[in-house]
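Student: Need the 3D shape of this:
(one chain, ligands or ions: 1)
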Amino acid sequence: MTSSTPTAVDPVRLQQVLDGRWAHTRDECRELLRDSDFAPTYGESITESRFRISRLTKKLGQTGRTALGLPAEYGGDADAGASVVMVEMLAHADLSLMVKAGVQWGLFGGAVHLLGTKAHHDAYLRDISTYELPGCFAMTETGHGSDVQQLRTTCTYDPQTETFDLHTPHQAARKDYIGNAAQDGRMAVVFAQLITGGAGRGVHAWLVPIRNDDGTPCAGVTIGDAGSKAGLLGVDNGRLSFDHVRVPRTMLLDRYGQVAADGTYTSSIENETRRFFTMLGTLVRGRVTVGAAAAAATKVALDIAVSYGDVRRQFTAPGRDREVVINDYLVHQRKLLPALATTYALHFAQEELVGRMHDVHTAVHVQGEAVDETVQRELESRAAGLKVANTWHATSTIQLCREACGGAGYLAENRLPALKADTDVFTTFEGDNTVLLQLVAKGLLTGYRDAFGSLAGWSKVGYVADLVRETVLERTAARGLIQRLVDAVPSRDDDVSMLNRGWQLKMFEFREKHTLEGVIRRLRKRASKPGVDPFDTFNDVQDHVLRTAQTHIDRVVLEAFVAGIERAADPAARALLERVCSLYALYTIEVDKAWFLEHGQLTPTRAKMLTTTVNSLLKELRPQMGTLVQAFAIQDNWKAARILQEEPIRQESMAAFDRQRPTVKV
Ligand SMILES: Cc1cc2nc3c(=O)[nH]c(=O)nc-3n(C[C@H](O)[C@H](O)[C@H](O)COP(=O)(O)OP(=O)(O)OC[C@H]3O[C@@H](n4cnc5c(N)ncnc54)[C@H](O)[C@@H]3O)c2cc1C
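Tutor: The predicted model follows:
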């Protein structure tokens, strides 16, 4: 150990910092999932896997702990944060179970709760929470997944019969990929275009029975199976089509739009697009959950790879009597430690997001306060950004962990192939990542939507400066702390240590601000030309727009990490987190070194120093790799990787054999 190496850290102290505000929920789930029934299972057929996951979902439903997000009168705790954390914890154990639970209690239950009103709650929420009533969230159609405002399914009101006519007009309007549809779902929340009095009112949602008690499809409903998938074998994704299905008027989930018996339409939100996005915004919890679950799966993969890397040996080094442990190789550390540091950073950002979501949800849905549109929009943007960051990080890190375990990483018995296959689609469902990044960027370009209609606004003098001031300087938690750190950075960069947190924050802030200003300048320039086509104006800078979103997310994540460290009471845990935070910051800058050089933020000398500093951080953190993964508190039965039991025994027997054999000179 070098003198600057952080002292030994108790992983439990670190875990306490990570467990955060919902530590009690995490502990409760750890206890619940200790049951060996929840351990990962390998080599099943689709039928076996679906059967097992259905059984486990029922078992979860019977614990009485799946209604956490629901009001107390329906058996819940009205704790939106806990409901996300619970599904996140399932992802440690089984991703099919996590998705099935997410569909049942997050999407289906969430839609009935948040889009429906008291009559729907009284009739259905209890049975939904216990899984007596398995259900689906049927939004996507074969023809429209990302642009769901363009759904083609229609639901037309008939005042004569006081029913809606739910209809799939053609093949592309078929509901597709719908979780819980192929086997278990009894009802579905179906999204369709509402037509009443001959006028379209935009997309709304209805609660529709799809299966009879004997499991056969209801009259007029066609149910198909999405068939074999790359992963998530236990989730029964299916297809739904409706042939003029009669739906009673009361089954419209009418919180945001009501249809009277005579067909009169009312809504407190006049504008159709605003109403639609308000409805979608209400359902933000699903997106928050997917990001959290991706992070949970990433932690399992890292735990497996780091634990294996601490016992696996390859190649000898001169003067050593045993082969080298693979975690001692710098390039192995370069794979695992930056990924670990990013996982920590994202954890703190996610924790902050869940807290925000919980507070907004509690204010609006428990305390009955009016929705603050700015707060809601910021929440949606943050949820989208972190869903993107967490799911892409999961995809790249799980692959990296697979490679870090060599051939063993490719064997199903070591869990990594399933983690890879199961989380792959997380980058697509609950919003395609590219599309979500545009949502984040649009949030940054305040007034984007207005400007889309009236591009002249972009060329106003001073507009850019105002916009950038308003958006970029909006900070995450611990605003004051971060400002103090940034303000304390000496003005001559060359004199500043790269471990200076203020300098790191300043670099992230500069990159985001500069990128955003660049986009606005380019948009302004195009907008000021006569006869400009709004689509081309934005499409021509789409790559730049997405980059802006990414730099914004990076800053938000770093600031959340800095704020999170403040929670660490234990000095050793805190010192370690400071190091990990520096690794996250400096590695992120290193990856984008060319940009910082191009924009005069790094001299060639400092650019080289950056790589040296990252490498010395890796060396310092090498002895702490095990502690960093132990703090994730992933139980052995969730890891279920055979190499973790067998490799230490193999290495010991090999060492014993080597001690007895005569030395062979090569
Ligand atoms: C396993 C699984 C489970 C699912 N479960 C459900 C469920 O329970 N309920 C439900 O309603 N849905 C569900 N879905 C559907 C899922 O939400 C959609 O697949 C997703 O929203 C993407 O839509 P799409 O497949 O139509 O892709 P598309 O929207 O067609 O996207 C295809 C490509 O086009 C790109 N693209 C699209 N628009 C733009 C743009 N403006 N700019 C640049 N690029 C663009 C995207 O980045 C993507 O790469 C599930 C899907 C899967 C695979």
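
Student: who touches whatever residue of the stretch 451-600 of the chain ends up closest to the ligand in this structure?
Tutor: Using Cβ to the nearest ligand atom, the single residue of the stretch 451-600 of the chain nearest to the ligand is residue 542, 6.6 Å away. Every residue, glycine included, has its C-beta placed from N, CA and C. Contacts here follow Cβ atoms under 8 Å, 6 or more residues apart in numbering; on that basis residue 542 touches residue 438.

Student: where does it land on pLDDT?
Tutor: We have a pLDDT of 92 for residue 542.

Student: same deal with residue 493?
Tutor: 71.

Student: Next: residue 449.
Tutor: With respect to pLDDT, residue 449 has a value of 43.

Student: what do you get for residue 639?
Tutor: Here the pLDDT value assigned to residue 639 is 88.

Student: cool, and the one 3 residues further on?
Tutor: With respect to pLDDT, residue 642 has a value of 93.

Student: For it, which non-adjacent residue is spatially closest?
Tutor: Closest residue in space to residue 642, ignoring its immediate chain neighbours: residue 413 at 4.4 Å, by Cβ to Cβ, 6 or more residues apart in numbering.

Student: Roughly how far does that neighbour sit from the ligand?
Tutor: 24 Å (Cβ to the nearest ligand atom, to the nearest Å).

Student: show me the contacts for that residue.
Tutor: Taking Cβ under 8 Å, 6+ apart as the test, what residue 413 contacts is 42, 641-642.

Student: Can you classify it as helix, strand or coil?
Tutor: Using DSSP: H, G, I helix; E, B strand; the rest coil, the secondary structure recorded for residue 413 is helix.

Student: Up against the ligand, what does this protein have?
Tutor: With Cβ under 6 Å from any ligand atom as the criterion, the chain meets the ligand at residues 103, 137-140, 145-146, 177-179, 229, 232, 237, 425, 428-429, 432, 434-435.

Student: One more pass at 8 Å, please.
Tutor: Of all the residues in the chain, those in contact range of the ligand (Cβ under 8 Å from any ligand atom) are 99, 103, 107, 136-140, 142-148, 175-181, 191, 226, 229, 232, 235, 237, 425, 428-435, 438, 542.

Student: If I follow the layout properly, residue 522 ends up in contact with residue 541?
Tutor: Yes - using Cβ atoms under 8 Å, residue 522 makes contact with residue 541 at a distance of 4.9 Å.

Student: Looking at these two, which one has more neighbours?
Tutor: Legend: neighbour count by other Cβ atoms under 10 Å for residue 522 and residue 541, higher for residue 541 (21 against 16).

Student: returning to what we had before: need the phi and psi values for the residue of the stretch 451-600 of the chain closest to the ligand.
Tutor: Backbone geometry at residue 542, expressed as degrees, to the nearest 10, gives phi -60, psi -40.

Student: which residues touch the closest residue to residue 280 other than its chain neighbours?
Tutor: Sequence neighbours aside, residue 148 is the residue nearest to residue 280 in space, at 7.8 Å (criterion: Cβ to Cβ, 6+ apart). Residues near residue 148 by Cβ under 8 Å, 6+ apart: 139-140, 191, 203, 280.

Student: ok, of those, which one's closest to residue 267?
Tutor: For the contacts of residue 148, the closest approach to residue 267 (Cβ to Cβ) belongs to residue 203, at 12.5 Å.

Student: just how off-centre is the host helix or strand of the closest one within its chain?
Tutor: Following DSSP states H and E, one finds residue 203 within strand 199-209. Strand 199-209 sits 28 Å away from the centroid of its parent chain (Cα atoms, centre = their mean, to the nearest Å).

Student: Show residues contacting it.
Tutor: Residues contacting strand 199-209 (Cβ under 8 Å, 6+ apart): 111-112, 115-116, 120, 124, 148-149, 151, 155, 164, 166, 186-195, 218, 221, 242, 245, 247, 251-253, 256-257, 265, 267, 272-273, 275-276, 279.

Student: In PyMOL, how would I select the buried members of those residues?
Tutor: Only the buried members of the contacts of strand 199-209 end up in this PyMOL selection, burial being decided by 16 or more other Cβ atoms under 10 Å:
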select buried, resi 111+112+115+116+120+124+151+155+164+166+186+187+188+189+190+191+192+193+194+195+221+242+245+247+251+252+253+256+257+265+267+272+275+276+279
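
Student: Now, the contacts of strand 199-209 that are in helices?
Tutor: In helices, defined here by DSSP state H, the members of these are 111-112, 115, 120, 272-273, 275-276, 279.

Student: Could you check the pLDDT of the most centrally placed residue in the chain?
Tutor: For the chain, the residue nearest the mean C-alpha position is residue 291 (1.1 Å; Cα atoms, centre = their mean). Looking at residue 291, its pLDDT reads 98.

Student: from the residues of the chain next to the ligand, which would you call buried?
Tutor: By 16+ other Cβ under 10 Å, the residues of the chain next to the ligand give 99, 103, 107, 136-140, 142, 144-145, 175-181, 191, 226, 232, 235, 237, 425, 429-431, 433, 438 as buried.

Student: remind me which residues of the stretch 151-300 of the chain are low pLDDT?
Tutor: Along the stretch 151-300 of the chain, no part satisfies pLDDT under 70.

Student: Residue 16: what secondary structure?
Tutor: Under three-state DSSP, the three-state class of residue 16 is helix.

Student: pretty sure it is in contact with residue 26, am I right?
Tutor: No - look at residue 16 against residue 26 with Cβ under 8 Å: they stay out of range, at 10.5 Å.

Student: so the residue nearest to residue 8 when sequence neighbours are not counted is in which element?
Tutor: Using Cβ to Cβ, 6+ apart and skipping the chain neighbours, the partner closest in space to residue 8 is residue 572 (6.9 Å). Assigned by DSSP H and E, residue 572 belongs to helix 571-591.

Student: residue contacts, the closest residue to the ligand within the chain?
Tutor: Here the residue of the chain nearest the ligand is residue 145; by Cβ to the nearest ligand atom that distance is 1.9 Å. By Cβ under 8 Å, 6+ apart, the contact set of residue 145 is 176-177, 432.

Student: mind checking the backbone torsions on it?
Tutor: Dihedral angles for residue 145 - degrees, to the nearest 10 - are phi -110, psi -50.

Student: pLDDT score assigned to it?
Tutor: Reported pLDDT for residue 145: 94.

Student: one step back: for the residue nearest to residue 8, the count of nearby residues, please.
Tutor: Residue 572 has 16 neighbours, counted by other Cβ under 10 Å.

Student: from what I can see it touches residue 11, true?
Tutor: No - Residue 572 lies out of contact with residue 11 (Cβ under 8 Å); the separation is 10.9 Å.

Student: picking up where we left off before, among the contacts of strand 199-209, which ones are in strands?
Tutor: If you go by DSSP state E, the contacts of strand 199-209 have 155, 164, 166, 187-195, 221, 242, 245, 247, 265 in strands.

Student: Just the helices from the stretch 551-666 of the chain, written as ranges.
Tutor: Taking DSSP state H, counting those that start in this stretch to define them, one finds helices in the stretch 551-666 of the chain at 571-591, 593-598, 604-621, 625-630, 636-639, 642-660.

Student: Compare these and give me the one nearest residue 318.
Tutor: Nearest to residue 318, of all those, is helix 642-660, at 16.5 Å by Cβ to Cβ.

Student: how about that closest one: buried residues?
Tutor: 643-644, 647, 651.

Student: Just the CA atoms of it, as CSV, please.
Tutor: Extracted in CSV, the C-alpha atoms of helix 642-660 (Å, rounded to 0.1, in the frame of the first residue of the first chain):
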residue,chain,number,x,y,z
ARG,A,642,-20.4,-21.1,-9.7
ILE,A,643,-17.0,-19.7,-10.3
LEU,A,644,-17.1,-17.8,-7.1
GLN,A,645,-17.3,-21.0,-5.1
GLU,A,646,-15.1,-23.1,-7.3
GLU,A,647,-12.2,-20.8,-8.3
PRO,A,648,-10.8,-20.3,-4.8
ILE,A,649,-10.7,-24.1,-4.3
ARG,A,650,-9.1,-24.6,-7.7
GLN,A,651,-6.4,-22.0,-6.9
GLU,A,652,-5.7,-23.5,-3.5
SER,A,653,-5.3,-27.0,-4.9
MET,A,654,-3.1,-25.7,-7.7
ALA,A,655,-0.9,-23.9,-5.2
ALA,A,656,-0.7,-27.1,-3.1
PHE,A,657,0.3,-29.1,-6.2
ASP,A,658,2.9,-26.5,-7.2
ARG,A,659,4.5,-26.5,-3.8
GLN,A,660,5.1,-30.2,-4.1
